[in-house]
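*Asks:* One predicted model, sequence on top.
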Amino acid sequence: SSVEAVCFGKDDTLIASGGFDHSVRIWDVATEKLAWCLKGHQGKISSLCFSPDGLKLASGAWDSTVYVWSVETGEILNSFKNHPDWVRVVSFNKKGDLLASGCDDCLCVW
């Protein structure tokens, strides 16, 4: 499956990837092995961002949703489904307590 988004985690020990198969994958950089395959989105993954503490991963997709995942368990911690269009970008603030996402003509802060 084609990769459309990648992001390194804290300390560069993990890397996340996402693409056309609607799943987010978290890889262990040292072993090159898959740690998690996260499913929930119904559209292509367009953006990924680890939180500054490395414990959460945000994903945005063409299904107009943003998910926040636990890096430790692979569970969905939160979902935001009120985006007016497909999500082009997601980003945590430096404290990791706010998440921004954007699409055409729209910026959301969660």
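*Replies:* That came through, no problem. Computed from a predicted model, the values in this text were never measured in an experiment.
*Asks:* all strands in this structure, in order from the N-terminus.
*Replies:* Counting by DSSP state E, the chain has strands at residues 3-8, 14-19, 23-28, 33-39, 45-50, 56-61, 66-70, 76-80, 89-92, 99-103, 106-109.
*Asks:* ok, the residue lying closest to residue 30 once chain neighbours are set aside - contacts?
*Replies:* Nearest non-adjacent residue to residue 30, counting by C-beta to C-beta, 6 or more residues apart in numbering: residue 13, 6.8 Å away. All C-beta atoms are positioned from the backbone trio N, CA, C, and that covers glycine. Counting by C-beta atoms under 8 Å, 6 or more residues apart in numbering, residue 13 makes contact with 28-30.
*Asks:* Report the beta-bridge partner residues of residue 109.
*Replies:* Beta-bridge partners recorded for residue 109 (DSSP bridges): residue 100.
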